[in-house]
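[1] Here is my input, please return the structure:
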Amino acid sequence: MKAKGKRQRAKVRRELHEPDPDSPVLTWEEVNRTHRVRNGVYHRGGRLVSLLTDFGRINPCYPDALSADGGSIVYTGEGRHGDQHLSPGNRALLSAVESGHAVPLFNKLGTGRWQLTGRWRVASAEHRFDETEQRMLWRFTLQKGSSSKLKSSKLKTEVQGRGQP
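    Numbering: from 1, shown residues only. Coordinates of the predicted model:
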């Protein structure tokens, strides 16, 4: 009975994007040791290094969404206004689909308060028109887990709606 209660609390925490009491709350200075920029996608030399999110609570133009089981996230690409294009950050996310390497994802809880959600790999990418946002968005599916080389056949980049990547 006790384990079931713990699972239910964990599910509610994921749904509400509350801090995990078992994971320390970090300062920006601690996050900045890994994620060296203020924008959500940090890359070096075209290789994805780390990601930031707030699950759309603070920046609604980036409505990232955690799956019910907590094993995947739909991550919105970079580009705050207008159609999102294949910018250097989005290109690094797209390249990470093929490389299969995992990167840390930090969740912003509030001003100066962050939490490491673990390491995630970019499993797939899609560039499509979003009716709610009324613009083209890059959507990347992140999967929880360790680094592993993905086969090129798993590269699922689709272009839907209007425009080209």
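
[2] Secondary structure element holding Arg121?
    strand 113-130 (DSSP states H and E).

[3] would you list every one of the strands in this structure?
    41-44, 47-53, 65-66, 72-76, 102-110, 113-130, 135-144, 157-159 (DSSP state E).

[4] Output those strands as CSV; include the columns mean pLDDT, distance to Pro21 and mean neighbour count.
    For every residue, glycine as well, the C-beta is placed using N, CA and C. Formatted as CSV, the strands of the chain follow (pLDDT from 0 to 100; distance: least, C-beta to C-beta, whole Å; neighbours: other C-beta atoms under 10 Å):
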stretch, mean pLDDT, distance to Pro21, mean neighbour count
strand 41-44, 98, 27, 18
strand 47-53, 98, 19, 21
strand 65-66, 95, 17, 17
strand 72-76, 97, 20, 20
strand 102-110, 97, 12, 20
strand 113-130, 97, 10, 19
strand 135-144, 97, 19, 20
strand 157-159, 37, 38, 12
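
[5] Please identify which of those strands is closest to Glu29.
    Relative to Glu29, the nearest member of these by C-beta to C-beta is strand 113-130, separated by 10.0 Å.

[6] Now do that closest one against strand 72-76: the angle between them, please.
    Regarding strand 113-130 and strand 72-76, their directions subtend 70 degrees when assessed with axes from the mean of the first three to the mean of the last three C-alpha atoms, to 10 degrees.

[7] hmm, back to that, so what does the strand holding Arg121 touch, helix or strand wise?
    In terms of contacts (3 or more C-beta pairs under 8 Å, 6 or more residues apart in numbering; DSSP states H and E), strand 113-130 is packed against helix 28-32, strand 47-53, strand 72-76, helix 88-99, strand 102-110, strand 135-144, strand 157-159.

[8] Off-centre distance for that strand?
    Its chain's C-alpha centre and that of strand 113-130 lie 2 Å apart, by C-alpha atoms, centre = their mean, to the nearest Å.

[9] go on, stretch 139-147?
    8 Å.

[10] Can you get me a residue count around Leu93?
    24 (other C-beta atoms under 10 Å).

[11] So for it, what pLDDT did the model give?
    Looking at Leu93, its pLDDT is 98.

[12] That one and Gly46 touch, don't they?
    No. Leu93 is beyond contact range of Gly46, at 10.7 Å (criterion: C-beta atoms under 8 Å).

[13] about what we covered before: redo the strands of the chain as a markdown table? Include distance to Pro24.
    Formatted as a markdown table, the strands of the chain follow (distance: least, C-beta to C-beta, whole Å):
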| stretch | distance to Pro24 |
| --- | --- |
| strand 41-44 | 21 |
| strand 47-53 | 17 |
| strand 65-66 | 20 |
| strand 72-76 | 21 |
| strand 102-110 | 11 |
| strand 113-130 | 8 |
| strand 135-144 | 19 |
| strand 157-159 | 36 |
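
[14] Sweet, I'm off.
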